[in-house]
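> Sequence first, then the predicted structure:
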Amino acid sequence: MRGVRASDRARTHLLPGSHAGGGERVSGPDAGGDEQPPEAEDTASVAALGPPLLVLTGPTGTGKSNLAVALAERIGGEVVACDALQVYRGLDAATGKPTEGQRARVPHWLVDIVDPRRDYSLADYVHDASRAIAAIHARGRVPIVAGGTGMYLRGLLKGIVDAPARDERLRERLRARLARDGPRRLHAILSRLDPGSAARVPPEDRQRVVRALELALSAGPSWSQRLAGEGTWSKPEERFRALKFALDLPREALARRLAERVGAFFDAGLCEEVDRLLAEGVPPGANAFKAIGYREVLRARLEGGDPRGTREEIVTATRRLAKRQRTWLRREPALRWLDAAEGDEALVARIEEAWRVLDSR
């Protein structure tokens, strides 16, 4: 497995003791849709109403990475990626990672930190991002959390509830039952054991159905009862004093940009990258391969089709992702929306002015 490029090692940070997988999965690397149960409260959190941080989010393809670098240079910041794909080493063609030049200009955290043969979870992200933010604050710098994975952002800002450890033997039995009986049969069982979780998790989300059943079959209160008693993401309190901005573009303009972006994926070697990852031992069922672009090319490869023939399918999936991200982020409190068409210079000036006001309080 190819590791982090030498030029990246000096500029992309993973804190000592950070998780590199092994926690609970999110529903997929392009997660930005339905809320799922929060998990594993992080112990390295920064106190609520403590030092501030800046959030830069928005749908895919709106220019968050470029703006984050320009903003970091202006206000003395470092970028903490909030992206479920950019954590994986070797997934480069279709993940929109910051360039080597951008990483040379500004330190980036939580990029290229996980072997794609492992799963990286919401709990992992909250732990690692919290420690990164604390380290940045300790040096008197400004943390800029930048990316479009809404679930990661929600977990970081709201915190997550401690969940029982995974029971691998039970999980394997549930997966075997899933393969035999199908997801709707397991979802019906979940409805009897924990109706609240069943209402939250759709039958089609096999991964979350299995995890919800695993929790339902564990000792103690049901997961829904735990959430009711210990808190959910609906509460107003947040772990950080965050100034939050979201970039967006008119739908037609963004649709054109996303089509061009998918074309760039193929030009950057997406098909060859999938082949290399498979050859290096990344299993087809890995969480990393559930990402838009990778999953379509992988399926074409496994079915003997032409991976390049998936381009329009990937364009459609990417546009749907942008729509889901926009819908998710509209529920984010105190989020200020900006028109990405204004350009980085104007946007940096606007955000810097708001930041100076917050930082002076």
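Arrived safely, thanks for sending.

> For this structure, give me the ranges with low pLDDT.
1-50, 162-163, 223, 226-234 (pLDDT under 70).

> State which helix of it is the longest.
Longest helix in the chain, counting residues (DSSP state H): helix 311-329.

> Just the strands from the protein, written as ranges.
Here the chain has its strands, by DSSP state E, at 12-13, 52-57, 77-81, 108-109, 142-146, 241-248, 335-339.

> can I get those strands in a markdown table with mean neighbour count and distance to residue 311?
C-betas here are computed from N, CA, C, even on glycine. Below are the strands of the chain laid out as a markdown table (neighbours: other CB atoms under 10 Å; distance: least, CB to CB, whole Å):
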| stretch | mean neighbour count | distance to residue 311 |
| --- | --- | --- |
| strand 12-13 | 22 | 30 |
| strand 52-57 | 24 | 27 |
| strand 77-81 | 27 | 26 |
| strand 108-109 | 26 | 29 |
| strand 142-146 | 26 | 27 |
| strand 241-248 | 20 | 24 |
| strand 335-339 | 15 | 28 |
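
> closest one to residue 315 among the ones you listed?
strand 241-248 (18.7 Å; CB to CB).

> Tell me which other helices or strands that closest one touches.
Packed against strand 241-248 by the contact rule (3 or more CB pairs under 8 Å, 6 or more residues apart in numbering; DSSP states H and E) you find strand 52-57, strand 335-339, helix 344-359.

> in its sheet, what does the first one sit against?
Partner strands for strand 52-57, per DSSP bridges, with pairing direction: strand 142-146 (parallel), strand 241-248 (parallel).

> can you pull the contacts of residue 335?
55, 57, 244-246, 329 (CB atoms under 8 Å, 6 or more residues apart in numbering).

> right, and out of those residues, which lies closest to residue 336?
Set against residue 336, the nearest of those by CB to CB is residue 245 (5.1 Å).

> what's the distance between that closest one and residue 202?
Residue 245 is 31 Å from residue 202, where distance means CB to CB, to the nearest Å.

> coming back round to it: please name whichever of the helices and strands packed on strand 241-248 is nearest to residue 281.
strand 52-57 (33.4 Å).

> Please state the offset of that closest one from the chain centre?
Mean-position distance between strand 52-57 and its chain equals 15 Å (CA atoms, centre = their mean, to the nearest Å).

> Ok, stretch 195-215 next?
Distance of stretch 195-215 from its chain centroid, counting by CA atoms, centre = their mean, is 20 Å.

> ends of it, how far apart?
13 Å (CA to CA, to the nearest Å).

> Let me see the contact set for the nearest residue to residue 257 once chain neighbours are set aside.
Spatial nearest neighbour of residue 257, excluding adjacent residues (CB to CB, 6 or more residues apart in numbering): residue 61 at 5.1 Å. Counting by CB under 8 Å, 6+ apart, residue 61 touches 96, 249, 254, 257-258, 261, 318, 322.

> picking that back up, pull out the buried positions in the longest helix of the chain.
311, 313-315, 317-319, 321-322, 324-326, 328-329 (16 or more other CB atoms under 10 Å).

> what are the C-alpha coordinates of it, in PDB please?
Extracted in PDB, the C-alpha atoms of helix 311-329 (Å, rounded to 0.1, in the frame of the first residue of the first chain):
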ATOM      1  CA  ARG A 311     -19.100   8.900 -16.200                       C
ATOM      2  CA  GLU A 312     -22.700  10.100 -16.600                       C
ATOM      3  CA  GLU A 313     -23.800   7.900 -13.700                       C
ATOM      4  CA  ILE A 314     -21.100   9.500 -11.500                       C
ATOM      5  CA  VAL A 315     -22.200  13.000 -12.600                       C
ATOM      6  CA  THR A 316     -25.800  12.200 -11.600                       C
ATOM      7  CA  ALA A 317     -24.600  10.800  -8.200                       C
ATOM      8  CA  THR A 318     -22.400  13.800  -7.500                       C
ATOM      9  CA  ARG A 319     -25.200  16.200  -8.200                       C
ATOM     10  CA  ARG A 320     -27.500  14.200  -5.900                       C
ATOM     11  CA  LEU A 321     -24.800  14.400  -3.200                       C
ATOM     12  CA  ALA A 322     -24.600  18.100  -3.600                       C
ATOM     13  CA  LYS A 323     -28.400  18.300  -3.100                       C
ATOM     14  CA  ARG A 324     -28.200  16.100   0.000                       C
ATOM     15  CA  GLN A 325     -25.400  18.200   1.500                       C
ATOM     16  CA  ARG A 326     -27.300  21.400   0.900                       C
ATOM     17  CA  THR A 327     -30.400  19.900   2.600                       C
ATOM     18  CA  TRP A 328     -28.400  18.600   5.500                       C
ATOM     19  CA  LEU A 329     -26.500  21.900   6.100                       C
END
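
> by contact count, what packs against it?
Judged by 3+ CB pairs under 8 Å, 6+ apart, the packing partners of helix 311-329 are helix 150-158, helix 251-267, helix 294-302.

> mind running it again at 7 Å?
helix 150-158, helix 251-267 (3 or more CB pairs under 7 Å, 6 or more residues apart in numbering; DSSP states H and E).

> among those, which is nearest residue 120?
Closest to residue 120 of those is helix 150-158 (CB to CB; 10.0 Å).

> Pop out the phi and psi values for the residue most central in space within the chain.
By CA atoms, centre = their mean, the chain has its centre lying nearest to residue 84, at 3.0 Å. Backbone geometry at residue 84, expressed as degrees, to the nearest 10, gives phi -70, psi -10.
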